[in-house]
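From the sequence below, what's the structure:
(2 chains)
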Amino acid sequence: NAGVTQTPKFQVLKTGQSMTLQCAQDMNHNSMYWYRQDPGMGLRLIYYSASEGTTDKGEVPNGYNVSRLNKREFSLRLESAAPSQTSVYFCASSRTAGPSSGANVLTFGAGSRLTVL
Amino acid sequence: GENVEQHPSTLSVQEGDSAVIKCTYSDSASNYFPWYKQELGKRPQLIIDIRSNVGEKKDQRIAVTLNKTAKHFSLHITETQPEDSAVYFCAASKAERFGAGTRLTVKP
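Numbers count the residues shown, from 1 in each chain, chains lettered A, B, ... in the order given. Have a look, this model is predicted:
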């Protein structure tokens, strides 16, 4: 049982390049999330998917796109990377689905460190 | 949407002392309040949570208290140890949005 798996762990890009961060969970969770964490700062929600087939913007969605490929996988794409997107990206998943859910325990992946030069 | 504020942003204590981190929330309909711990270079992990029908919950040296009237909740760590050094995050309601985090340093 691997939990939440993110790839790659590290990536260096040049400004303007594109890339996709992959995330997969094997816990049969309904909801999946992408966060970014800048040095000394908290976790900011980029996009989330409450259930398979749906995606919604979080706090900082500009410059990103997401795809909920199936129940297991949720990818984050940077179409034209900018230095401001240098950050550590965390994928997370939770069993709960829907906006009226109560306890929503998140399980995080190990993180992906992205540097944009 | 829910707005969660967390204080202090940094906290330094001597080993063996207690540490308290406080969060306030805006949505009175919030009913779930988790706390996550993130050690340096690691992923955040849930350490304790509380539902709105309970005022306090304890798990060994950590406890969470909730004041629904005032819309605030707190994490209490007693007899702190160096391994408690980490960043702690609170969240409210559906828990996908977090407070800004508190960096706790426990000095030996």
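
what's the neighbour count on the closest residue to residue A:52 other than its chain neighbours?
Residue nearest to residue A:52 in three dimensions, not counting chain neighbours: residue A:71, with 4.7 Å by C-beta to C-beta, 6 or more residues apart in numbering or on different chains. For every residue, glycine as well, the C-beta is placed using N, CA and C. Look at residue A:71: counted by other C-beta atoms under 10 Å in any protein chain shown, it has 16 neighbours.

pretty sure residue A:71 is in contact with residue A:30, am I right?
Yes - counting by C-beta atoms under 8 Å, residue A:30 is a contact partner of residue A:71 at 7.5 Å.

Overlap of the contact sets of the two?
Common neighbours of residue A:71 and residue A:30 (criterion: C-beta atoms under 8 Å, 6 or more residues apart in numbering or on different chains): residue A:52.

quick one: terminal-to-terminal distance for stretch B:93-105?
28 Å (C-alpha to C-alpha, to the nearest Å).

tell me the pLDDT at the residue nearest to residue B:100 when sequence neighbours are not counted?
Nearest non-adjacent residue to residue B:100, counting by C-beta to C-beta, 6+ apart: residue A:42, 4.3 Å away. In this model, residue A:42 is scored at 87, pLDDT.

Residue A:1 now?
68.

Over to the one 10 residues further on?
The predicted local distance difference test score for residue A:11 is 97.

Looks to me like it is in a strand.
Yes - judged by DSSP: H, G, I helix; E, B strand; the rest coil, residue A:11 forms part of a strand.
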